[in-house]
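J.: Here is my input; please provide its structure:
(2 chains)
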Amino acid sequence: AQSVAQPEDQVNVAEGNPLTVKCTYSVSGNPYLFWYVQYPNRGLQFLLKYITGDNLVKGSYGFEAEFNKSQTSFHLKKPSALVSDSALYFCAVSDNAGNNRKLIWGLGTSLAVNP
Amino acid sequence: NAGVMQNPRHLVRRRGQEARLRCSPMKGHSHVYWYRQLPEEGLKFMVYLQKENIIDESGMPKERFSAEFPKEGPSILRIQQVVRGDSAAYFCASSPFADNEQFFGPGTRLTVL
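T.: Here you go, the predicted structure:
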């Protein structure tokens, strides 16, 4: 069965420091991997995705993520955090079988960037 | 190009009433997904539709829940005889192709009294 784990409920980081939000997955076949961000009382906004190609994926707002097949991980990173990055971050996965791209979600990681 | 629209944004129902949640996908998008977000449980897939067809409803409760995506008009998620446990945020997402990222609406927050 497909699953996603975000091992940290909360991540705290000082403004200007690098941040990492962790994600590991389990899926049969080749994974499609996504990161979304959710601000309070808002919908989800797409940040980046990995489908195929380069393992390092660059996305919106200066975020990037690295696909590591051997470790089945897709950690989200940013070199220098901003207070405005404080939000809830979700990792999601689907498999590439057929055309059904339903997403299986992690429970989310709350990122707090302190001034 | 307007984003994914959902209405109402907030819906209050008493136990036993019906709830209808609407989702208008982005223009040109024929793939629609519904997800439910429960506190402490995260987002859960409910149903995947392409125009007029239900492709995967494996995440839908067997009773009281139904979804449609007619040829004309928005996708509808219908919950009959609501119970307190149905209180949640319901998100709709659309994409133009199967391999594209999904674009999410702002969600409908259902409260069952």
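
J.: Per-residue confidence, the most centrally placed residue in chain B, what does it come out as?
T.: By Cα atoms, centre = their mean, the mean C-alpha position of chain B lies nearest to residue B:34, the distance being 3.9 Å. Note on residue B:34: pLDDT of 96.

J.: Tell me the strands beside the helix or strand where it lies, with direction?
T.: Per DSSP states H and E, residue B:34 falls inside strand B:31-38. Taking DSSP bridges as the criterion, strand B:31-38 sits next to strand B:42-50 (antiparallel), strand B:88-95 (antiparallel) in its sheet.

J.: got the buried residues for it?
T.: Within strand B:31-38, the residues that count as buried by 16 or more other Cβ atoms under 10 Å in any protein chain shown are B:31, B:32, B:33, B:34, B:35, B:36, B:37. Every C-beta, even on glycine, is put in place using the N, C-alpha and C of the backbone.

J.: again, but for stretch B:46-59
T.: B:46, B:47, B:48, B:49, B:55, B:56, B:57, B:59.

J.: again with stretch B:87-101
T.: Buried-residue list, stretch B:87-101, by 16+ other Cβ under 10 Å: B:87, B:88, B:89, B:90, B:91, B:92, B:93, B:94, B:95, B:98, B:101.

J.: show me the contacts for the spatially most central residue of chain A.
T.: Nearest residue to the geometric centre of chain A (Cα atoms, centre = their mean): residue A:35, 3.5 Å. The contact partners of residue A:35, by Cβ atoms under 8 Å, 6 or more residues apart in numbering or on different chains, come to A:23, A:46-49, A:59, A:63, A:65, A:74, A:76, A:89-92.

J.: Residue B:23 too?
T.: B:4, B:5, B:6, B:32, B:34, B:74, B:75, B:76, B:77, B:92, B:94, B:105.

J.: Quickly list what it is bridged to.
T.: Under the criterion DSSP bridges, residue B:23 forms beta bridges with residue B:6, residue B:75.
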